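Novice: here is the input, now give the coordinates:
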Amino acid sequence: FSWCFITFLLEAEHKHSFRKQISYLPAIISIFLTLVIGLLLNYELTYFSLLLVIFTFAYIKKDSIKIFGNFSFIVRGLMEFTIFLYSVSIFTKISNFSQEVIVFSLAVFFIFSARSLMGDIRDTSFDKLTFSSTFGDRLAYIVSILFLLIGAFLLFTLSNDLEIIFPILLLIFVMLFYYNGYILHRSILI
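Specialist: Residues are numbered from 1 along each chain as shown. Prediction:
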């Protein structure tokens, strides 16, 4: 439901002529269910629900508030980080988070931030305040690669297994020679 909240709210906010407009009601229902589940299973889940709402509304303002626009990729990474910790909190209290959970959640943050930055490069014609629009696509690619490297390093520290991070390293290699924000944004999702 957390992820549905983000998806429905962002779709309701998009004002592109080529996208179908949807109501805010599915987003409201999704966040309500997220909060109810949190209250029923572990009250600490509500912390992550509230953080998700804050980060999502900050992300929505990326077209009108410059700091949110310039760092929308960070905010998007925080949204995914929050959803991951919400999911973990279903089974354990915040105080019992293991080092592995914390490191993995940071990897989630860096990898999804990199993906969002690729989306910003793809959407430069729509989004005028994003990092890539302000600082250029080249710097956005470099930051994205750096974030992917950090994410891969964090995952490697958990497993010491190159097979785990090989897809990320392969993607970084491709990014060094292939410059297409649309395709790379989709590739990071896979």
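Novice: residue furthest from the geometric center of the protein?
Specialist: Leu40 (26.2 Å; C-alpha atoms, centre = their mean).
Novice: quick check, pLDDT for it.
Specialist: At Leu40, the model reports a pLDDT of 86.
Novice: mind giving me the packing neighbours of the strand or helix carrying Ile165?
Specialist: Per DSSP states H and E: Ile165 is located in helix 162-177. Contact here means 3 or more C-beta pairs under 8 Å, 6 or more residues apart in numbering; DSSP states H and E; on that basis helix 162-177 packs against helix 137-159, helix 181-189. For the C-beta atoms, the positions are set from N, CA and C on the backbone; glycine is no exception.
Novice: in JSON lines, list those along with mean neighbour count, distance to Asp123 and mean pLDDT.
Specialist: Below are the helices and strands packed on helix 162-177 laid out as JSON lines (neighbours: other C-beta atoms under 10 Å; distance: least, C-beta to C-beta, whole Å; pLDDT from 0 to 100):
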{"stretch": "helix 137-159", "mean neighbour count": "18", "distance to Asp123": "11", "mean pLDDT": "91"}
{"stretch": "helix 181-189", "mean neighbour count": "17", "distance to Asp123": "8", "mean pLDDT": "58"}
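Novice: between those helices, which one is nearest to Ala27?
Specialist: Ala27 sits nearest to helix 181-189 of all those, at 21.1 Å, using C-beta to C-beta.
Novice: quick one on the thing from earlier: dihedrals phi and psi, the residue farthest from the centre of the chain?
Specialist: Backbone torsions of Leu40, given as degrees, to the nearest 10, read phi -80, psi -40.
Novice: let's have the chain start at 8 instead
Specialist: From this message on, residue numbering opens at 8, which makes the last subject Leu47.
Novice: enumerate every residue touching the residue nearest to Ile118 when sequence neighbours are not counted.
Specialist: In space, and not counting its chain neighbours, Ile118 is closest to Gly158: 4.0 Å by C-beta to C-beta, 6 or more residues apart in numbering. The contact partners of Gly158, by C-beta atoms under 8 Å, 6 or more residues apart in numbering, come to Ala114, Val115, Phe116, Phe117, Ile118, Ala121, Ile175.
Novice: cool, and Ile67?
Specialist: Each residue near Ile67 by C-beta under 8 Å, 6+ apart is listed here: Leu16, Leu17, Glu20.
Novice: let's see which of these end up in strands.
Specialist: In strands, defined here by DSSP state E, there are no members of these.
Novice: quick one: which of these is most hemmed in?
Specialist: Leu16 (22 neighbours; other C-beta atoms under 10 Å).
Novice: out of the contacts of Gly158, which two sit at the greatest distance?
Specialist: Phe116 and Ile175 (14.1 Å).
Novice: ok, these two, which is more surrounded?
Specialist: Each of Phe116 and Ile175 has its neighbours counted (other C-beta under 10 Å); Phe116 has more, 24 against 20.
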